[in-house]
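[1] next input, structure requested:
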Amino acid sequence: QVTLVESGGGLVQPGGSLRLSCASNTAIVTLYTMGWYRQAPGKERELVATITSDGRTNYLDFAKARFTISGDLNGAKKNVYLQMNSLRPEDTAVYYCNADAVDVITMKRRSHWGQGIQVTVSS
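    Here you go, the predicted structure:
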C-alpha cells in the first residue's frame, strides 16, 4: 500500500516559517495529484494546496499569498513540500499529506493519507 510520511512540523512564532515535507514509498503506479490538507481542533479537514503530476498547482484562498507547494513527482518515490511563511496562530492545525494515485497493490485510483503532523503557531 501507499505510505506517506510527513516531516518538518513543530512550534513556530507568529510571522515565522516552516517547510513541511512528505515522502511516499514506491507503491505508487500512477500519480494524479499530491497535496496538503489541514485540520484544526473542532474543525473539518480542509484543503491547503495541491500539485498535479505535471506541476499545476492549486491553493485555497488563505494559502495563496503565504504558502508555496512544490514537488519532486517523477521518481519512484514522490516528494511534496509546503513552504509556509508569515504564519499566524490560525494556521495551527494537524497537516496531512495526500496522494490521489493508483497503487501497485489494488491497481485502483484512490486517495491516500499520511498520519499528519502538528504545526503550532504561538508566541
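
[2] closest to the centroid, which residue in this protein?
    With distances taken as CA atoms, centre = their mean, the chain has Trp36 as the residue nearest its mean C-alpha position (2.6 Å).

[3] can you get me a residue count around the residue nearest to it when sequence neighbours are not counted?
    Spatial nearest neighbour of Trp36, chain neighbours left out: Val48 (4.3 Å); criterion: CB to CB, 6 or more residues apart in numbering. (Each C-beta comes from the backbone N, C-alpha and C, glycine too.) Val48: 24 surrounding residues under other CB atoms under 10 Å.

[4] quick one: pLDDT of Val48?
    According to the predicted model, the pLDDT of Val48 comes to 98.

[5] state the pLDDT value of Glu90.
    The predicted local confidence for Glu90 is 96.

[6] for it, give its distance to Val121.
    The span separating Glu90 from Val121 equals 8 Å under the rule CB to CB, to the nearest Å.
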